[in-house]
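Enquirer: Sequence plus predicted model, see below.
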Amino acid sequence: MALIRRILLPTDLGALSRHAAPLARRLAELCGAELHVLYVAEPAPLSSLGQDDGSYCLSINPTDAELTLVLGQFVESTLPGAAVQPHVARGLPAAQIVDFVRAQAIDLVVMGTHARGVVKRLFLGSVSKTVLENAGCAVLMVPATADVGEEDRNVECRTRNATNDA
């Protein structure tokens with residue numbers, strides 16, 4: 001068994017990661033672990049996007065400063081007062097998350113999921129599924145319907161070493 005020293009909360013800044021955030025924070029507190037929050041900005045194609053009113057606008061890539069500001073606002077509103085290490089990256093979310101996990105020696109990924117049926121996941125795929133299959137560490141999926149209250153539970157802050165479980 002290995003101690004959980006680093007926890008990652010990947011975020012798309014949406015409701016699912018907001019829902020998983022309190023659990024990630026609580027686990028980090030209970031385990032005395034670092035809490036990292038990663039936002040991955042997907043490449044934006046420079047093409048016209050249709051608007052409801054029929055007008056068009058060009059999508060643009062935000063600057064690193066803008067991404068950092070938006071992530072900071074997410075952290076402040078979702079994890080107020082928490083000791084968090086925010087990170088931004090650019091690229092495809094699943095690949096960037098897996099790369100980050102490996103580079104930072106993350107022990108546990110806590111991420112929100114829609115909890116859709118197995119058939120939909122098999123055909124549609126998802127960032128969560130790719131991270132689960134490739135991270136090389138424990139991944140805790142938090143369904144949108146899960147109760148992630150703050151009450152204490154018996155949580156053991158250890159995870160099995162994947163190489164020992166085979």
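Expert: Structure's in. What do you need?

Enquirer: Let me see the contact set for Val70.
Expert: Leu13, Tyr39, Pro62 (Cβ atoms under 8 Å, 6 or more residues apart in numbering). Using the backbone N, CA and C atoms, a C-beta is placed for each residue, glycine as well.

Enquirer: Skipping its backbone neighbours, what lies nearest the first one in space?
Expert: I take that to be Leu13. Phe74 (5.1 Å; Cβ to Cβ, 6 or more residues apart in numbering).

Enquirer: Buried residues in the helix or strand hosting the one you found, which are they?
Expert: Assigned by DSSP states H and E, Phe74 falls within helix 64-78. Neighbour-count burial for helix 64-78 flags Leu67, Leu71, Phe74, Val75, Thr78 (criterion: 16 or more other Cβ atoms under 10 Å).

Enquirer: Quick one: the strands in the chain, in order.
Expert: Counting by DSSP state E, the chain has strands at residues 2-3, 6-11, 34-41, 48-50, 56-58, 84-90, 108-113, 138-143, 158-159.

Enquirer: Show me what Tyr39 is bridged to.
Expert: Thr11, Val88 (DSSP bridges).

Enquirer: That one touches Leu67, doesn't it?
Expert: Yes. Tyr39 is within contact range of Leu67, at 6.6 Å (criterion: Cβ atoms under 8 Å).
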